[in-house]
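*Asks:* here is a sequence with its predicted model. Questions after.
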Amino acid sequence: MGKIFKILGYSVLCYLVLGGLIGVFKRLGAGRGQCSDQLVVSDLTGEHNHQRNWELNSSDWSFCTSFDTQDINYLSAAESRNNISQTYRGNRYPWTDLYRDLAASSKSSIRFLTDSLKNIGTMENLDRSKLAELVVTFVQDIPYSYVLPGDCESYKTNGKPCVGDVTLGIYSPYEFIHTLNGDCDTRSVLIYAILQELAFDPMILISDEYAHAMIALNIPTSGDYILSGGEKYYFWETTAKGWPVGMLPPTTGNKDYWKIALHDEL
């Protein structure tokens, strides 16, 4: 996408290709409807109570959770993210350092979510592949929203929600789970941070040609992958429900257009 794309970041077109406390997780029978997506905001305390329901892609298992985030922590996360982003604003290719810093600086603020996902995996006796799927499908289930470095009215957002004037067009993980506004690289950084803490070996991939970002994961499976250090890392689309590991969307299917932006080895 050239110079203009590199200035705007991996937020403008990516949808076109396709301090809180976590509550009790419960696996539900398919279609039992014991939980629905809800958001309750307290104007008095600035607390956001989120209730989320989502399903695994590989089975009919459905999960329900409730968690709280706070405005004061959101504002702190926004300030930290803005300071980090400003550091790399003039760089031609800031993504590796930017993604790494956002993931590392957010791990403590989202540990409640990481620990809870780990706990449900233990309670439900999920194997490693299912645990990774639990994390990714939790994020896939959150409706897509643009996060742009400029004015939302200046871009074609196809009627999707949009947050504008965000430095380099990316939210930190805590900002994402507080607002539930996130695009491709915002989602990828959150998933990367959680999976790292759960002792997986994730990477973030980006494509200039497709103006898109997603994760890749080294787990036993099949499908589309990228090689690194002789190991297979399978593509995983995060911007919409239903995408399984190892399946590239047809509109982003040329693997030659993908490169590693963040991996432990970089």
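*Replies:* Structure received.
*Asks:* helix/strand/coil for residue 150?
*Replies:* coil (DSSP: H, G, I helix; E, B strand; the rest coil).
*Asks:* residue 156 too?
*Replies:* Per three-state DSSP, residue 156 ends up coil.
*Asks:* got it, and residue 262?
*Replies:* Residue 262 ends up strand, using three-state DSSP.
*Asks:* low-scoring stretches of this protein, by residue?
*Replies:* For the chain, the stretches with pLDDT under 70 are 1-34, 265-266.
*Asks:* can you give me the strands for it?
*Replies:* Under the criterion DSSP state E, strands of the chain are mapped to 21-22, 26-28, 38-41, 47-55, 62-70, 146-147, 162-163, 202-207, 212-217, 225-228, 231-236, 259-263.
*Asks:* which elements pack onto the fifth one?
*Replies:* Read it as strand 62-70. With contacts taken as 3 or more CB pairs under 8 Å, 6 or more residues apart in numbering; DSSP states H and E, strand 62-70 sits against strand 21-22, strand 26-28, strand 47-55, helix 111-123, helix 173-179. From N, CA and C alone the C-beta is placed, and that goes for glycine too.
*Asks:* right, so the ones you listed: which one is the most enclosed?
*Replies:* helix 173-179 (a mean of 25; mean count of other CB atoms under 10 Å).
*Asks:* residues in contact with it?
*Replies:* Helix 173-179 is contacted from outside by 20, 48, 50, 67, 69-71, 73-74, 77-78, 81, 102-103, 106, 109-110, 113, 163, 171, 181-182, 186-187, 189-190, 193, using CB atoms under 8 Å, 6 or more residues apart in numbering.
*Asks:* pull out the buried members of the residues you listed.
*Replies:* Buried members of the contacts of helix 173-179, counted by 16 or more other CB atoms under 10 Å: 20, 48, 50, 67, 69-70, 73-74, 77-78, 81, 102-103, 106, 109-110, 113, 163, 171, 181-182, 186-187, 189-190, 193.
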